[in-house]
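Everything below, folded, please.
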Amino acid sequence: MIQLFFLLTYIAVAVAVGYAATKYASAESVMTREFKVSVKARLARITSMYRLSSLILRKPFTYLVLVAVVTSVIISGLNTRYENNLVVIHDPSVAGGTYDLMIRFNGPVSVDACVLVLRHVNADRHCVKYYRAVLDQPYTLERGRELIYVLIGVEDPVLRSLGFREVLPDLTFIYSGVVEGFTVDHINTGRGLAEIRLLPVSSDLLKNYNMFHGTPLVPVQGYIGTEPIIIPLKHVLISSLTNVLKLRGEASVLVTDVVVMGINKYVSPTEIYGLVDQHYPVTEVVVAGNASITYLSQVRVPTKDSIISALISSVTASVVIISIFSSTTPYLRELRNRILFMGFPPWAITVIIVGYTLMSILIPGLVTLTCVFIIMGGVATLNSVVTLTLAWVVSTTYISLRVRPEKLITETYVPPIPRYVLMTSLRDVRGLAEVIVNLIKTNEFFQTEDVELKVNENEAFIHARMDYVDSWGSGVDITIFITLTEGGTHASISSTVFGVEEVSEAMSRSINALAISRIIGGVRTWEAVYR
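This next block holds a predicted model:
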């Protein structure tokens, strides 16, 4: 008995598991099919936006837009005029009857630059020289394995200000990483090892030491607001000009910054910049005095006339592009009607227009900007950017407003509507309507976008919009009226094939057949089984 009980239990469990597996496989197959259909439909919908923009892009008027954009961007770049960036900062701490001057060079230059500066300002003053080198390949201190990124060479008065009264011996450097006394170390310069001696220096003193008004001795790494952030002092070695240049392997005296203090007359930073830049690459000229500090840098910005020229080019390009778009408005409106009927939201045409202008205006404009930057420089590119941006914004806004319908209710696209009549001998209106809805939702050739069902006592109404999964932007819109008659039920089916592009007659018949034949065949099968 026990064995029989276990046998029956085993058989029951096996049957239950088999039944559950069958149901799961059936449900999974339906879910898999629906998932595949849904994925295909969604991918078609996603690519439709791009395809629609590309469809417009292939039209001949696009070439006129390209010519207008490229021409306006180039003209804007050619008309660019620029000047060095000039900044004046009010600073009461530099009020007085004399002026101080600092010139920063874009790399080491000959010490003769000091003679040139002093001759121009007619000053019987001393030119304070600095050599500040930020190394591309850092040196390495062998003892602490510390990397040195900055070497600073200064004159004896600066060393005395830092607390070193005596002349530094050969290859002796001051370093904040040393605690006290002389320390002998070896430094790897990439050309070999050199023995150096290190002297301690106060980190606070070094951090707060300025070689000019507001300009730290240690090179600035960046800014937080207006507060400069200098390079960490553990990576900095400082010594006399002779020691630094010897360690660097330089045979002549070079400087990267020069400072002249106490000039009795006003010094024009523009004149100094123009004079010195003819012989040496100048990065910045700074003049302090009369309660202000004036910075003139090598950064060049467009002049006011140049900005006005860019705005005029923008207006001209916008007018030309708008005139081209005006002639294409009927075509774009027809395209809008089609996609609205297809079930796209009202903002879809705006997205398509923006996508089209991106490809026809912005992308070729960016390519042209690259050429302008390579050939004419960054300042001309800035002017061209203004022209391109304004032309794209104005043109996109204009054409979007022109294509947008004033009243969506009165502007609809009405294609031809084929009609089909289906007669059944059964009198179950609700049952027939539910069967048809199920047939629509399970049609593997379509993704059902929307289904509407209304059933009264003796009649029913079904409306469905179905996207064809094997062709982007195409589908069928079906309207079905079911009424009860003396002989049974009467179903009137109206179908409309839609497409963003022109749908051929053969394609239209195929889509209709796939949609309607599934309904007719399914209803006939249901009718036979129901009987």
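
got the domain boundaries for the chain?
59-79+304-403, 88-300, 419-530 (automatic domain parsing).

Out of these, flag the one nearest Val15.
domain 419-530 (26.6 Å; CB to CB). For every residue, glycine as well, the C-beta is placed using N, CA and C.

First-to-last residue distance for that closest one?
26 Å (CA to CA, to the nearest Å).

So for that domain, mean pLDDT?
Mean per-residue pLDDT for domain 419-530: 83.

Grab the nearest non-local neighbour of Ile89.
Ile293 (4.9 Å; CB to CB, 6 or more residues apart in numbering).

And the one you found, how far from Gly262?
16 Å (CB to CB, to the nearest Å).

Please say which of those two ends up with more neighbours.
Ile293 (22 against 15; other CB atoms under 10 Å).

Please identify which helix or strand holds that one.
strand 292-302 (DSSP states H and E).

ok, now Lys129?
With DSSP H and E as criterion, Lys129 is part of strand 127-141.

now do Leu206
Assigned by DSSP H and E, Leu206 falls in helix 203-208.

what's the following helix or strand after that helix?
From helix 203-208, the next helix or strand downstream (DSSP H and E) is strand 210-212.

Could you give me the buried positions within that following strand?
Across strand 210-212, burial judged by 16 or more other CB atoms under 10 Å covers Met211, Phe212.

mind checking how far the helix or strand following it is from the chain centre?
Per DSSP H and E, the first helix or strand lying C-terminal to strand 210-212 is strand 215-216. Strand 215-216 has its average C-alpha position 35 Å from the chain's average C-alpha position, going by CA atoms, centre = their mean, to the nearest Å.

list the helices and strands strand 215-216 packs on?
For strand 215-216, there is no helix or strand it packs on, judged by 3 or more CB pairs under 8 Å, 6 or more residues apart in numbering; DSSP states H and E.

Sheet-wise, list the partners of it with their directions.
strand 210-212 (antiparallel) (DSSP bridges).

need the contact list for His213.
Asp91, Ser93, Val94, Asp100, Val286, Ala288, Ile293 (CB atoms under 8 Å, 6 or more residues apart in numbering).

Out of these, which sit inside strands?
Asp100, Val286, Ala288, Ile293 (DSSP state E).

which of these has the most neighbours?
Ala288 (25 neighbours).

which residues touch Thr140?
Taking CB under 8 Å, 6+ apart, one finds Glu146, Leu147, Ile148, Ile187, Asn188 in contact with Thr140.

Now with 10 Å, please.
The contact partners of Thr140, by CB atoms under 10 Å, 6 or more residues apart in numbering, come to Glu146, Leu147, Ile148, His186, Ile187, Asn188, Thr189, Gly190, Leu193.

okay, it: pLDDT?
On the pLDDT scale, Thr140 gets 90.

where's it relative to Asn188, distance?
4 Å.

Next, show the common contact partners of those two.
With CB under 10 Å, 6+ apart as the test, Thr140 and Asn188 both reach Leu147, Ile148.

The helix or strand where Pro330 lies - what's its average pLDDT?
Applying DSSP H and E as the criterion places Pro330 in helix 329-342. The average pLDDT within helix 329-342 is 71.

for stretch 278-286, same thing?
Here the average pLDDT along stretch 278-286 is 90.

chain center to it: distance?
Per CA atoms, centre = their mean, the centroid offset for stretch 278-286 relative to its chain is 35 Å.

for that stretch, how far is the first residue from the last?
17 Å.

Ok, stretch 465-474 next?
11 Å.

So which residues of this protein form helices?
Along the chain, the segments classed as helices by DSSP state H run 2-57, 61-78, 112-121, 156-161, 203-208, 241-248, 269-276, 304-327, 329-342, 348-357, 363-376, 378-403, 429-441, 505-530.

what's the fifth one packed up against?
Meaning helix 203-208. Contacts defined by 3 or more CB pairs under 10 Å, 6 or more residues apart in numbering; DSSP states H and E place helix 203-208 against strand 215-216.

cool, the second one as well?
Packing partners of helix 61-78 (3+ CB pairs under 10 Å, 6+ apart): helix 2-57, helix 304-327, helix 348-357, helix 363-376, helix 378-403.

So which elements touch the shortest one?
Counting contacts by 3+ CB pairs under 10 Å, 6+ apart, helix 348-357 is packed against helix 2-57, helix 61-78, helix 304-327, helix 329-342, helix 378-403.

which parts of that helix are buried?
Ala348, Ile349, Thr350, Ile352, Ile353, Val354, Gly355, Tyr356, Thr357.

The helices of the chain into a markdown table, with extra columns for distance to Leu135?
Output for those, formatted as a markdown table (distance: least, CB to CB, whole Å):
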| stretch | distance to Leu135 |
| --- | --- |
| helix 2-57 | 50 |
| helix 61-78 | 37 |
| helix 112-121 | 22 |
| helix 156-161 | 21 |
| helix 203-208 | 18 |
| helix 241-248 | 9 |
| helix 269-276 | 25 |
| helix 304-327 | 38 |
| helix 329-342 | 60 |
| helix 348-357 | 49 |
| helix 363-376 | 30 |
| helix 378-403 | 27 |
| helix 429-441 | 72 |
| helix 505-530 | 70 |
